[in-house]
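Peer 1: The sequence isn't on hand, but the structure is:
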């Protein structure tokens, strides 16, 4: 029997390898339960294939947390809910607890192992954060190059950080988040060396992923976790940013007159389904006409374009990456147009 130290959400479960239970008795699969093996608590598969008696990653009733979907209200573009201790920062909105310090840069596999073995702040159930979790820390408007609250996370360098999320559309790659631009992308896991900041669950998570997450009622899709209501359809044609905002403000849909708006970048990111290998990377049952293309966000880019023009963020549902788009037409190019999905 091979024994690993601590399970993490990013770790595979090869046959014959056991993972030690989390502090709350959680295991990485709902088909496992925590029990003593050679005097220590390890995650063991349930023989009859039923639901494990223990919790899975901290949820009640044996429900497995799909951490690639947010299980909290959408954080603002400048998070302000951090409670910083000496070694650990707790986010009062997401409930996540973060390692305050940053490790040396390393390849993706070493990053996961580092978090699995980490013991800090009196806790040993640390793991590499998922893509959506890392994005919750991004501060779009902070006046530093680090792209994060430096009071809560001092001495954070302007570097990319690994997430535990693998890229389904690109074997051998994993997602990272570049905090200064605040955008996610994928890179070869065995080649690139990025920063590491570990995370753990600070409270019981109420989580759902499609299909339970999205409730469709005519032309409106409600996310039962974030509480956001989305227009099911995008507009018929892509438009410039100013027109995108105006279309949402004027939208009347399913009895809702007014209250519609262009979503923030973090709100749009909650619709990205990174488990899909082919775009559009979203739940196409809930959002059937999502284009393999960019959708506008309301979030402005904090730095102007090279010619001094205003820019706003866009989320590409073909590959899940975010990119700036010109809000004003550059003198040497045509206007940037993207699709629109409104929210309220």
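Peer 2: All right, it came through fine. Quick caveat, the model's predicted, so the values are computed rather than measured. Numbering: from 1, shown residues only.
Peer 1: which stretches of the stretch 101-250 of the chain aren't confidently modelled?
Peer 2: In the prediction, the stretch 101-250 of the chain carries residues with pLDDT under 70 at positions 143-144, 182, 203-209, 211.
Peer 1: Show me where it has its strands.
Peer 2: Across the stretch 101-250 of the chain, reading from the start of the chain, the strands by DSSP state E, counting those that start in this stretch fall at 160-166, 173-178, 183-188, 199-201, 214-217, 220-223, 229-231.
Peer 1: how close does the nearest residue to residue 80 once chain neighbours are set aside get to residue 201?
Peer 2: Setting aside the residues directly before and after it, residue 80 is nearest to residue 149 in space (Cβ to Cβ, 6 or more residues apart in numbering), at 7.7 Å. For the C-beta atoms, the positions are set from N, CA and C on the backbone; glycine is no exception. For residue 149, the distance to residue 201 equals 21 Å [Cβ to Cβ, to the nearest Å].
Peer 1: Please apply the same query to residue 253.
Peer 2: Distance of residue 253 to residue 201, given as Cβ to Cβ: 36 Å.
Peer 1: picking that back up, wait, which of the strands of the stretch 101-250 of the chain is closest to residue 300?
Peer 2: Go through these one by one with Cβ to Cβ and the one that ends up closest to residue 300 is strand 183-188, at 14.0 Å.
Peer 1: follow-up on the earlier one: so how far is residue 139 from the residue nearest to residue 80?
Peer 2: Taking Cβ to Cβ, one finds residue 149 at 6 Å from residue 139.
Peer 1: Now list whatever residues contact both of those two.
Peer 2: Counting by Cβ atoms under 8 Å, 6 or more residues apart in numbering, the contacts common to residue 149 and residue 139 are 78, 79.
Peer 1: Who has more neighbours out of residue 253 and residue 201?
Peer 2: For residue 253 against residue 201, the residue with the higher neighbour count under other Cβ atoms under 10 Å is residue 201, and the figures read 23 against 17.
Peer 1: In this structure the more buried one contacts residue 91, no?
Peer 2: No: when contacts are counted by Cβ atoms under 8 Å, residue 201 is not listed as touching residue 91 (11.3 Å).
Peer 1: Common neighbours of the two, please.
Peer 2: Each of residue 97 lies in contact with both residue 201 and residue 91 under the rule Cβ under 8 Å, 6+ apart.
Peer 1: In the stretch 51-200 of the chain, mark out all the helices, start to finish.
Peer 2: Using DSSP state H, counting those that start in this stretch, the helices found in the stretch 51-200 of the chain span residues 108-117, 131-135.
Peer 1: most tightly surrounded among these?
Peer 2: Stretch with highest mean neighbour count among the helices of the stretch 51-200 of the chain: helix 131-135 (a mean of 24; mean count of other Cβ atoms under 10 Å).
Peer 1: ok, and what's touching that one?
Peer 2: 67-70, 94, 96, 161, 163-165, 175, 177, 184, 197, 199, 266, 269-270, 272, 274.
Peer 1: Nearest to the spatial middle of this structure, which residue is it?
Peer 2: For the chain, the residue whose C-alpha lies nearest the mean C-alpha position (Cα atoms, centre = their mean) is residue 132; its distance is 0.5 Å.
Peer 1: and that one, how far is that from residue 269?
Peer 2: From residue 132 to residue 269 the distance is 7 Å (Cβ to Cβ).
Peer 1: And for residue 183?
Peer 2: When distances are taken as Cβ to Cβ, residue 183 and residue 269 turn out to be 10 Å apart.
Peer 1: What of residue 149?
Peer 2: Note on residue 149: its distance to residue 269, by Cβ to Cβ, is 19 Å.
Peer 1: So the chain: which segments form each domain?
Peer 2: Structural domains annotated on the chain: 1-65, 82-201, 214-326, as defined by automatic domain parsing.
Peer 1: out of these, nearest to residue 339?
Peer 2: Between residue 339 and the domains of the chain, the tightest spacing by Cβ to Cβ is seen for domain 214-326, at 4.7 Å.
Peer 1: Just the endpoints, please. Distance across the closest one?
Peer 2: Domain 214-326 stretches 32 Å from its first residue to its last (Cα to Cα, to the nearest Å).
Peer 1: do the same with stretch 149-166
Peer 2: From start residue to end residue, stretch 149-166 stretches across 26 Å - Cα to Cα.
Peer 1: If you count neighbours, what's buried in it?
Peer 2: Buried residues in stretch 149-166, counting neighbours by 16 or more other Cβ atoms under 10 Å, are found at 149, 152, 153, 156, 159, 160, 161, 162, 163, 164, 165, 166.
Peer 1: Which single one of those is nearest to residue 220?
Peer 2: Proximity of the buried residues of stretch 149-166 to residue 220 was ranked by Cβ to Cβ; the top entry is residue 165 with 28.5 Å.
Peer 1: Quick check: the gap between the closest one and residue 121.
Peer 2: From residue 165 over to residue 121 the distance is 24 Å, taken as Cβ to Cβ.
Peer 1: Likewise for residue 256?
Peer 2: 44 Å.
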